[in-house]
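# need a 3D model of the following:
(4 chains)
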There are 2 protein chains.
Amino acid sequence: MDSTVAREQALDAAERLFYGRGVQSVGMDDIRGASGVSLKRLYQLFPAKEQLVEAYLERRDVRWRQRLAEHVRRHEDTLERLLAVFDWLEGWFGEADFRGCAWINAYGELGATSPRVVAQVRDHKRAFRDYLAQLVADAGLDAALTAPLFLLAEGAMVTAGVTGSTEPAAEARAAARVLLRAG
Amino acid sequence: MDSTVAREQALDAAERLFYGRGVQSVGMDDIRGASGVSLKRLYQLFPAKEQLVEAYLERRDVRWRQRLAEHVRRHEDTLERLLAVFDWLEGWFGEADFRGCAWINAYGELGATSPRVVAQVRDHKRAFRDYLAQLVADAGLDAALTAPLFLLAEGAMVTAGVTGSTEPAAEARAAARVLLRAG
DNA sequence: TTGACGTGAGAACGTGCGTTCTCCTAGGGT
DNA sequence: ACCCTAGGAGAACGCACGTTCTCACGTCAA
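All right, here's what the predicted structure looks like:
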């Protein structure tokens, strides 16, 4: 089996299991079973579990922001694009396997013990915030609007994760619209 | 040593360690060392670690909401009271040992494996939201304002935890003020 | 054909930790 | 003085899991 294929399969399994059941309750043996990649191979590709976790978060970060940006790009109007962020969140919250924000969860689980995970969470959140800032700038709006929009989105992710409802996305979107008009 | 005293000391140690280092990386032996309560006693008071975790979250929930309410009560004006919530958050974020919201962290760490913890997180968040709803009603405002205020507060907690900054509280407060005027 | 090498399956090893057990000491009632 | 009980210190047990090792097998070069 090709090395890059094995890597992708390992990461597929890692993402499914780590996101679904948490990092600590998933063993390397579970990854092996779910991916079909042998333990020996796994440890060649990722010398320790922590590096598999980092690779999982990194790949998910790229994909997550890509998916969001693709959805936003489908809208022409720059104001609509900002609101489209919350529409996309609603769709995400409604996915069958949705279990909250992977980075917030990782922070809760590993933040106290793994500085590298904390750095990855920070990077991801900063990238998301920068993306919102860009949308705000493109719409010709006051840059100060970025912060509240970001906080509404974060609050919606957390609340949707804990309650299992998609409602927070609509609530955040409604609040965002008020802020956009008032700003 | 009195049984109730031992219980309090155990919970003091549990809260300090669980909140500061996460639940899974703290062993019962660490609790014993930090509390001075012997293992035997610990297991008399809490038949399993999970029950100690539950007791920790429960006691913290009561105290957290008490501290918040006490701060809010110091304000007369009903509108000021709503904004005072965010002032209190800022003070909390600035505490030396602040490491994010204990319940959001617990959800990230144990949410996938412990339904009882999930229920406690939900209960805590619902209680906080209900409290905000009460403040909104007391101020004679539209009940629909509760949701965005709650989301802003949640977003601020998460962001302050991840970034280690108190800034999100001020940002959330500013956004709340805009919403209160616009609503 | 042979031998070096990579690989997979799974055993093995070491450690950490939740939980229980052993043993010993110290009171307190008779 | 003599038990009897509660409690503390810490060893012991069982298990889970990260990581490494063993061994057998297949593959390809010479």
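
# can we go C-alpha only for contacts and neighbour counts from here?
OK.

# tell me the secondary structure at residue A:140.
coil (DSSP: H, G, I helix; E, B strand; the rest coil).

# sorry, that was for residue A:113
coil.

# from DNA strand D, how far off is it?
Distance from residue A:113 to DNA strand D, counting by Cα to the nearest atom of the strand, to the nearest Å: 14 Å.

# for that residue, report the pLDDT, please.
Per-residue confidence (pLDDT) for residue A:113: 96.

# my guess is it meets residue B:20, correct?
No. Counting by Cα atoms under 8 Å, residue A:113 does not reach residue B:20; the two are 9.9 Å apart.

# which one's more surrounded, these two?
residue B:20 (18 against 14; other Cα atoms under 10 Å in any protein chain shown).

# excluding covalently adjacent residues, which one is nearest to residue A:93?
In space, not counting the residues next to it along the chain, residue A:93 is nearest to residue A:166; the distance is 5.3 Å by Cα to Cα, 6 or more residues apart in numbering or on different chains.

# same check on residue A:129?
residue A:150 (6.1 Å).

# number of nearby residues for that neighbour?
Neighbour tally, residue A:150, other Cα under 10 Å: 27.

# list the residues that contact it.
Taking Cα atoms under 8 Å, 6 or more residues apart in numbering or on different chains, we find residue A:150 in contact with A:129, A:132, B:155.

# what about it, which helix or strand?
helix A:146-163 (DSSP states H and E).

# whichever helix or strand comes after that helix packs against which elements?
Counting by DSSP H and E, the next helix or strand C-terminal to helix A:146-163 is helix A:167-182. Using 3 or more Cα pairs under 8 Å, 6 or more residues apart in numbering or on different chains; DSSP states H and E as the contact test, the elements touching helix A:167-182 are helix A:78-93, helix A:146-163, helix B:146-163, helix B:167-182.

# and DNA strand C, which of these is closest to it?
Distance to DNA strand C, taken as Cα to the nearest atom of the strand, is lowest for helix B:146-163 among these, at 23.4 Å.

# how far off centre is that closest one?
12 Å (Cα atoms, centre = their mean, to the nearest Å).

# for stretch A:33-45, same thing?
25 Å.

# what's the answer for stretch A:53-65, then?
With Cα atoms, centre = their mean, you get 8 Å for stretch A:53-65.

# now do the buried residues in it.
A:53, A:55, A:56, A:57, A:58, A:60, A:61 (16 or more other Cα atoms under 10 Å in any protein chain shown).

# repeat for stretch A:40-51
Residues of stretch A:40-51 classed as buried by neighbour count (16+ other Cα under 10 Å): A:42, A:45, A:46.

# same question for stretch A:118-127.
For stretch A:118-127, by 16+ other Cα under 10 Å, it's A:118, A:120, A:121, A:122, A:124, A:125.

# go on, stretch A:6-18?
Buried residues in stretch A:6-18, counted by 16+ other Cα under 10 Å: A:6, A:7, A:9, A:10, A:11, A:12, A:13, A:14, A:15, A:17, A:18.

# stretch A:157-165 too?
Those would be A:157, A:158, A:159, A:160, A:161, A:162, A:163, for stretch A:157-165 by 16+ other Cα under 10 Å.

# hmm, the fourth one is touching residue A:95, no?
Just to be clear, that refers to residue A:160. No. If you go by Cα under 8 Å, residue A:160 and residue A:95 don't touch, sitting 11.3 Å apart.
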